[in-house]
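**Q** I need the structure of the sequence given here:
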Amino acid sequence: MTTIIDGKQLAKQVNAATKERVTQLGQRGIVPGLAVIMVGEDPASAIYVRNKHRKATQLGIKSIVRELPATITQAELLAVVQDYNQDPSIHGILVQSPLPTGLDERGIVAAIDPAKDVDGFHPLNVGKTFANLPGNYPVSCTPRGIMTMLRSLNVPLKGKHAVVVGRSMIVGRPMGALLLNADMSMTITHQYSERLSDITKTADVLVVATGVAHLIKAADVKPGAIVIDVGMDRDEDGKLTGDVDFDGVFAKVGAISPVPGGVGPMTIATLMQQTVDLCEWSE
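**A** Below is the predicted model:
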């Protein structure tokens, strides 16, 4: 019988634990602070930022949304980031992607204090993740949330084969690092990979993050596999769907995350969790 990995329910559990931690910090007069910087008026970004702000407020996290015009210069944006770097009431800084044309997103991310890099995108934190270094540091939120989802299944991962479809710095590459860190064998594929289906069919755990609706069909998965769908696409009717053909794949796999209601809620829950982490680590 196939298990549906309920990201909404799991996110509720993560958020409840985060709220309890916020309450305990509050008893000591400490309030975790999150600053989200949004440049321009990208509609999708506006929705994401609004959802993050709402959830942070619900959990008792101080949430600042800094909206800046698309005409802002690189130097002006860097100055805003530096202000939050130096603000002791802010523990997590997030610059909403994508930035308008003309701004160097890598340069902006690199300017964030690594100890406040709540997205886990700073090169120093990325390097620590790939090196699997000990200690406290932030990790890319979507991959970290996916690892929470996998652990919730209580299925041994050590020695199993994971395949990641997609190689972005937001999901694919850090996801591969975390799976390796969990002692899995790991293969990363992408748009230029030959015989993609032959590779995905070897996966005990298949994570798909391409932005191509229903790229993965039943013929592309191993019977009993765990499938994590990171896609947020629209079908021909405009309905939200994923990178995996959920209906076609469902009966063949052991567990699968739906879209919507899978990875999305876990990403925001993990962002809140990591904001509190950064606050606690700064003590």
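
**Q** against P260, how distant is F250?
**A** 16 Å (C-beta to C-beta, to the nearest Å). C-beta: built from backbone N, CA, C; applies to glycine.

**Q** and S152, by the same measure?
**A** 18 Å.

**Q** give me the more crowded residue out of these two.
**A** Using other C-beta atoms under 10 Å as the criterion, S152 and P260 rank with S152 on top: 18 against 14.

**Q** check the more buried one and give its pLDDT.
**A** Looking at S152, its pLDDT stands at 98.

**Q** contact partners for it?
**A** Taking C-beta atoms under 8 Å, 6 or more residues apart in numbering, we find S152 in contact with I5, L10.

**Q** 6 Å - rerun?
**A** The contact partners of S152, by C-beta atoms under 6 Å, 6 or more residues apart in numbering, come to L10.

**Q** so how far is V109 from it?
**A** Counting by C-beta to C-beta, the gap from S152 to V109 is 30 Å.

**Q** can you list the strands that the lowest-mean-pLDDT helix or strand in the chain pairs with?
**A** Every helix and strand in the chain was compared by mean pLDDT, DSSP states H and E; the lowest is strand 233-234, with a mean of 90. Neighbouring strands of strand 233-234 in its sheet, by DSSP bridges, are strand 240-241 (antiparallel).

**Q** list the contacts of the strand it pairs with.
**A** Counting by C-beta under 6 Å, 6+ apart, A213, D233, D235, V259, P260 sit against strand 240-241.

**Q** let's see it at 10 Å
**A** 213-214, 229, 231-235, 247, 258-261, 264 (C-beta atoms under 10 Å, 6 or more residues apart in numbering).

**Q** again with stretch 22-31
**A** So stretch 22-31 is contacted by 32, 56, 59-62, 89, 91, 272, 275-276, 279-280, 282-283 (C-beta under 10 Å, 6+ apart).

**Q** please narrow those to those residing in helices.
**A** The members of these that map onto helices under DSSP state H are A56, M272, T275, V276, C279, E280.

**Q** can you count the residues close to E280?
**A** E280: 15 neighbours (other C-beta under 10 Å).

**Q** which residues does it contact?
**A** So E280 contacts R21, Q24, L25, I30, P32, H91, N136 (C-beta under 10 Å, 6+ apart).

**Q** now do Y48
**A** Here Y48 is in contact with V36, M38, D42, L94, Q96, S97, G264, T267, I268 (C-beta under 10 Å, 6+ apart).

**Q** how about a cut-off of 7 Å?
**A** Q96 (C-beta atoms under 7 Å, 6 or more residues apart in numbering).

**Q** that's a strand at it, yeah?
**A** No: read with DSSP: H, G, I helix; E, B strand; the rest coil, Y48 is helix and lies in no strand.

**Q** quick one: pLDDT of it?
**A** For Y48, pLDDT reads 91.

**Q** quick one: it from V14, how far?
**A** 18 Å.

**Q** where does the residue with the shortest distance to the centre of the chain fall, secondary structure wise?
**A** Nearest residue to the geometric centre of the chain (C-alpha atoms, centre = their mean): T142, 1.6 Å. Assessed by DSSP states H and E, T142 sits inside helix 141-152.

**Q** dump that helix to CSV, restricted to CA.
**A** Extracted C-alpha coordinates of helix 141-152, given in CSV (Å, rounded to 0.1, in the frame of the first residue of the first chain):
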residue,chain,number,x,y,z
CYS,A,141,15.6,24.7,3.7
THR,A,142,13.9,22.6,1.0
PRO,A,143,16.5,19.8,1.2
ARG,A,144,16.5,19.9,5.0
GLY,A,145,12.7,19.7,5.0
ILE,A,146,12.9,16.7,2.6
MET,A,147,15.2,14.9,5.0
THR,A,148,12.7,15.4,7.7
MET,A,149,10.0,13.9,5.5
LEU,A,150,12.2,10.9,4.7
ARG,A,151,13.0,10.3,8.4
SER,A,152,9.3,10.4,9.2
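
**Q** what residues of it count as buried?
**A** Judged by neighbour count using 16 or more other C-beta atoms under 10 Å, the buried positions of helix 141-152 are C141, T142, P143, R144, G145, I146, M147, T148, M149, L150, S152.
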